[in-house]
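J.: no letters, just coordinates:
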């Protein structure tokens, strides 16, 4: 397939994944023992599939498109979308870079594990320096911490919120996104192999490790 056709195919799939991710971001749900304003959504699943198929740049573009669209409906003045871009973007880029070296199921699992670690770290930083400062403009920190302590008694300060609130939340989210993506990956393994190979310059055979 020519480079032009590859480029058109990549753009088309990236737009599709961005659209699916945008729709999924509108559905979210809370978790027990997690601060109520932190909610899980599955918008990262199409992004992670995009990362596996086409690499870090298209995946990052899909995240950007999704967050720009959702910013139009934002209740956080774009702060939440910026945090999401940093967190989900780092998750997708890490997964794509690790997976690029090993286009197998085992490689996908390793990519998800590495990406989960990065997502937790970036998520903790984003909460500490972006999300909590934003919420502090709306209500005192003490009230925020009181809301968090009502569902998780371990949270009593900004530092414990980051460790026992933001950290576990992003870990659970990363594991959930990875698990769903890995199931889909197993079903779409041959397609992913075929699409990923041109973007990395490797023909590679589909393996079932």
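T.: Yep, it's here. Model, not experiment: these values are computed from the prediction.

J.: residues of the helix or strand harbouring residue 89 that come out buried?
T.: Assigned by DSSP states H and E, residue 89 belongs to helix 79-100. For helix 79-100, the neighbour count (16 or more other CB atoms under 10 Å) marks 79-96, 98-100 as buried. All C-beta spots, glycine's among them, are computed from the backbone N, C-alpha and C.

J.: what is it packed up against?
T.: Under the contact criterion of 3 or more CB pairs under 8 Å, 6 or more residues apart in numbering; DSSP states H and E, helix 79-100 touches helix 44-54, helix 56-71, helix 105-126, helix 167-187, helix 189-200.

J.: switch to 10 Å and redo it
T.: Applying 3 or more CB pairs under 10 Å, 6 or more residues apart in numbering; DSSP states H and E, we find helix 79-100 packed against helix 44-54, helix 56-71, helix 105-126, helix 132-136, helix 167-187, helix 189-200.

J.: residues contacting residue 128?
T.: With contact taken as CB atoms under 10 Å, 6 or more residues apart in numbering, residue 128 is in contact with 158, 159, 161, 162, 166.

J.: point out where this structure drops to low pLDDT.
T.: The chain contains residues with pLDDT under 70 at 1-2, 189, 192-209.

J.: mind running it again at 50?
T.: For the chain, the stretches with pLDDT under 50 are 200-209.

J.: and the gap between the residue nearest the centre of it and residue 102?
T.: The centroid of the chain falls nearest to residue 88 when counting by CA atoms, centre = their mean (3.1 Å). Separation of residue 88 from residue 102 (CB to CB, to the nearest Å) stands at 22 Å.
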